[in-house]
Each structure stands twice: as C-alpha cells, then as structure tokens.
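Undergrad: Fold the following, please.
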Amino acid sequence: MTLTETTRRRFLSSMGAVGGFALAGLAMPYYARGSSSRPVFTAGVQSGDVDANSGMVWAQVNRPARLHVEYSTSDRFANAVRVAPIDVTPGTNLAGKLLLQNLPDDQEIFYRFRAADLQDLTDLSEPIHGQFRTAPAGKRSIRFAWSGDTAGQGWGIDEEGMRTYSTIAYHRPDFMIHSGDTIYADNPITDEVRLRDGGVWKNRVVTEAKRDIAQTLDQFRGQWTYNLLDEHVKAFNAVCPVFYQWDDHEVLNNWSPSTDLRDDDRYKEKSIATLAARASRAFHEMTPIRYVADEPGRIYRKVSYGPLLDVFFIDLRSYRGPNSHGLDAESTPESRLLGERQLAWLKRELVRSTATWKVIACDLPIGLVIWDDYGHRTGSESISNGDNGAPLGRELEFANLLRFIRDAGIANMIWLTADVHYTAVHYYDPGKAKFREFLPFWEFVAGPLHSGTYGPQELDMTFGPEVKFMKAAPGGAEQNLPPSAGMQFFGLVDIDGQTEQLTVRLMDRNDTELWRTTLDPQISS
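TA: You can find the predicted model right below:
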C-alpha cells in the first residue's frame, strides 16, 4: 500500500477513533496552553521502555515547575491513579520523566501531565496527553517498528517535516526502536541547501542551537529540542513508545577514544570524553529511557515484551577502544566494542530468556566495512575490518559471542540495525564464512528516518554475509540524497500470537512495501 498525501491527512485527522483523542491534537498548542502564571509544555510528551507492568513517561516545560502525572485505562480518566509529582529545573533542562508502575498487562494506558510554576503551586496548567499499550502476559500478536538517523546532513524540518514518523504511526506499532543517530550534534542546519538538480531545499525551522555544532551541554540539549519541534515527531511520540539507543552522531562522527580534535577548528572543546559526557547527559534528559541504578547513564538493557519477545539493546559506542586498524590477533581492551561487562551481561541475559524471539538491537551492522577515514580507507569504525579473513580486532569479540550463542543453543534470534542510511537484508551463513562457529542468522538494516541517503557499503566475508535485498542511493556523486527523494526507510516486525511466526517488512516513507520475509520459530520440545 502507498499512502498518498490525501490518505495521510485523512489518517492523521481520524486518529481520534483510536483512544478517544486525535493524534495530531496531542501535539497541538492547545494542550500546552496556560495562563501567564502557568508553565507551557514545549515538546509534547514521550513514553518508552514499556513492558507488561510499567513504562517511562516524559515531558518538558518552559520554566521551573512541578509536574503532576496521572494515568488511567480509560481515555476519560475514570479512576485515574495519581503519581507523586516531580520538580523540574534548569538542572534537568526543565524536563522530567518517571516510571509508571503496577500497570495492568496488555492494556491501553492513557496518561496526562499538568504543571504548576514553583512560585504558585496551586495554579495548574491545562493537561497534555499521551498513551501507550503495555506488553501482554499471554501470546498476543505484536507489531513494532525500527529505524534510525534523524535530522542529519543538513536536512531539517522543511515544509513536509519529518513525515516518515507519520507513516510509521499509520501502522499503530506497539513501540518503535530508534537504532541510534537520534540527533546529529556535529551536523549544522542552514536555511537553505542547493540541490544537484538546481532546486533548493528550504529548512522551514532553524534554531540557533542547530546552526552550529554542539559542544556545550546547552548546545547538545538544543539538538534534541530541534527534533521535538517537528509536528510529526511530537504526534508520533504521543501515541507510540520509543525505545532509544545511541551511536556516534549524538556526540560527533565516528567518535572513539582515539578521536583527535586538536586540528579541528570547529571545536573549542578538544576533549572527546568531555563532549561524550555532555552528550550522554542530554540524551538521558531528553528521552524516556530507564535509569539503571548500578550504572547511571547505561544504555544497554533488555526490554521484555511478553512471552513472544525480548529485545536486547547493545551499546557499541560507550565501551569501545580506539578506531585503529582492526587487525589485532588477540582481543584486548583496545580492540573491543562491547567490553567485558556488557558482553557478559548479554550472554547471561540471552541464556535466561524464555521468549520465543530474541531481537538484538545493534547500533552498527556486523558485516559492512565502515572506515573511520574513508578518504584513506583507514581505521575500523565498526566491527568488520575489510580483510575477509579469520576474525581479528573487533571481530574477535563478535566471534566469541556468536560461538557462545551456538554452543548455548539459543534459537530464534535476529539482529536489527541502522547507521548506513539505506535499507538492506543480510543473511549470515557459516557455510560461506571464514569463521564458521555460529548458527545462521538474519540482520535487517533500516533508515534513515530523516537524513541523507547514501550508497551501499562493501561486505566483509569473515561472518559470511549475503545481501538478500538492498535499496540505496546510487553512490559515487549521487550521495546524501535529501528526504524529498523518497528514500527514507523503516522496518516493521510482526509476531503472530498463534503461529509465533515473525514477519519482517522493509518500507519507505510513502508506505511502499519494498521487501518481506516470514520466519518460522524453532520451538523446543
């Protein structure tokens, strides 16, 4: 099915039939309005990391305030449960999030925020609403989406806006995985971009923070604020939980401990560790990701979504060694991406999982060669080193993991990723690999959500990837195609509650189905 503009507008205006209030209205100013003494909600609402009995909710206001939250299983808020209020100040970027707990499983949860100025706690603002559905305790059908890469390469909010989000919303997914490059802190946005065909791309919305690269904490915060000015994004966030992970552009392109900014005149702050710390703080302030008590700021985690699905979010950015040549014969702290603690956690949680399907949400593709310096084809930015041989460097860590998965007999596992700004399907076959000690598996690539589209990357045959499908820019001079070219991609995953089959579809922003496959689960006796 292809969504025409008329169909899309009709869909957005008719969403009131689902949940009792209109999708577009959730993000409209009416819900954020207040008197001069009342705070104003500036960025809509968000939910995330939802499981069977809990979920995170988020909002932001324009001044120090006390946020009141209540929720109900009815859109009329009958028998609403009030949660202890929280105070937000400039120290948290005037944003607040909290965990709704003890929720009924498999239920639509309607929530609303009100705010009061800290100088007058009795005068509450008008409410702003959101909703999400909790995970099931039984085997019901599940649908979720994934993609990555938002507001990159100078392509900002034009007259159409980031409408891939609305296309995804049309499918009413239970949640969406944002696979990283959630912002582009190192990609300024200008008023206009001259196109190769002589046309002009006009960014309708440009903020001061987005006109420059991010270095200070406030500049990193401003990158997030920009994305939340888009009406498609705000409307989507109000009705669909987003499960976030990060990659490089939350800080800057291809960052690692070896990043050297001494000769980069754009950056007054030369410490990559300082930039990463500021970026991490903004990421956690501006998303509904859960807090992890034993490691504040941690991104890797598991979200259980009923007996049919566990999602494992891994972080290939925070614990990596330098982006070196990638040819170390032994695994060392310098050659790692996951790190010992994260790798041990992932193995442990995979073994413990009783869900039919195990989805690993990874911020980088496994078998694509991504250079740190493309001009000189040097430095290993991702996993594969490009030599098509036995595992070396960062490949050793993944060989270790894949061997463990085989030896532990962990079945029904797929990998989802983004990063490369095109969509593809890779099948990893030990019969075609240099390293053969693993079970065959699928990797599905989607994105960008609203960024430039690029040409295909080369494959490394260490783990035997085969391209089953690909749609990308032509490459060469035809790189960084604007969103208006239509090559913005996302994926949909459906798990059937009866057969437990898993179907993956790759889609473009006009809702054209590009490719699909259905996988049968291996059911243990």
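Undergrad: for the stretch 401-525 of the chain, what spans make up the strands?
TA: For the stretch 401-525 of the chain, the strands defined by DSSP state E, counting those that start in this stretch cover 413-417, 423-428, 441-445, 465-471, 489-495, 502-508, 513-519.
Undergrad: list the helices and strands the fifth one packs on?
TA: It refers to strand 489-495. The elements that strand 489-495 packs onto, with contact taken as 3 or more C-beta pairs under 8 Å, 6 or more residues apart in numbering; DSSP states H and E, are strand 142-147, helix 164-170, strand 502-508. For glycine as for every other residue, the C-beta is placed from the backbone atoms N, C-alpha and C.
Undergrad: 6 Å instead, please
TA: Other helices and strands packing on strand 489-495, by 3 or more C-beta pairs under 6 Å, 6 or more residues apart in numbering; DSSP states H and E, are strand 142-147, strand 502-508.
Undergrad: average model confidence for the last one?
TA: Read it as strand 502-508. For strand 502-508, mean pLDDT rounds to 98.
Undergrad: what sits up against it?
TA: Under the contact criterion C-beta atoms under 6 Å, 6 or more residues apart in numbering, strand 502-508 has outside partners 357, 423, 444, 489-495, 513-519.
Undergrad: ok but residue 220 is inside a helix, no?
TA: Yes - counting by DSSP: H, G, I helix; E, B strand; the rest coil, residue 220 is located in a helix.
Undergrad: Let me know whether it touches residue 276 as I believe.
TA: No - contact between residue 220 and residue 276 fails when scored by C-beta atoms under 6 Å: they sit 10.1 Å apart.
Undergrad: Who has more neighbours out of the two?
TA: Taking neighbours as other C-beta atoms under 10 Å, residue 220 and residue 276 compare with residue 220 leading, 26 against 19.
Undergrad: Tell me who's in contact with that one.
TA: Contacts for residue 220 were tallied using C-beta under 6 Å, 6+ apart; they are 185, 214, 278-279, 282.
Undergrad: By neighbours, which of the residues you listed wins?
TA: residue 185 (30 neighbours).
Undergrad: Am I right that it is in contact with residue 214?
TA: Yes - checked against C-beta under 6 Å, the pair residue 185 and residue 214 is within contact range at 3.8 Å.
Undergrad: intersection of neighbour lists for those two?
TA: 220, 223.
Undergrad: for residue 284, helix, strand, or coil?
TA: Assignment for residue 284 (three-state DSSP): helix.
Undergrad: ok, which stretches of the stretch 1-150 of the chain are helices?
TA: In the stretch 1-150 of the chain, the helices defined using DSSP state H, counting those that start in this stretch lie at 5-13, 23-26.
Undergrad: Which pLDDT value goes with residue 37?
TA: Looking at residue 37, the pLDDT reads 75.
Undergrad: Quick check: the gap between the closest residue to residue 212 other than its chain neighbours and residue 211.
TA: Nearest residue to residue 212 in three dimensions, chain neighbours excluded: residue 188, at 5.6 Å (C-beta to C-beta, 6 or more residues apart in numbering). Distance from residue 188 to residue 211, counting by C-beta to C-beta, to the nearest Å: 6 Å.
Undergrad: Name the helix or strand of this structure that has the lowest mean pLDDT.
TA: helix 23-26 (a mean of 39; mean pLDDT, DSSP states H and E).
Undergrad: got the buried residues for stretch 183-197?
TA: 183-189, 193 (16 or more other C-beta atoms under 10 Å).
Undergrad: For residue 137, state which of those is nearest.
TA: residue 183 (35.4 Å; C-beta to C-beta).
Undergrad: mind listing what the closest one touches?
TA: Contacts of residue 183 (C-beta under 6 Å, 6+ apart): 223-224, 250.
Undergrad: Now, these that are in helices?
TA: Judged by DSSP state H, helices contain the following of the contacts of residue 183: 223-224.
Undergrad: Filter the contacts of residue 183 down to the buried ones, ChimeraX style.
TA: Paste this into ChimeraX to select the buried members of the contacts of residue 183, with burial taken from 16+ other C-beta under 10 Å:
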select :223,224,250
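Undergrad: Nearest to residue 77 among the contacts of residue 183?
TA: residue 224 (29.0 Å).
Undergrad: just checking, residue 45 touches residue 129?
TA: No - using C-beta under 6 Å, residue 45 is not in contact with residue 129; the gap is 7.1 Å.
Undergrad: okay, those two: which has more neighbours?
TA: Using other C-beta under 10 Å as the criterion, residue 45 and residue 129 rank with residue 45 on top: 26 against 21.
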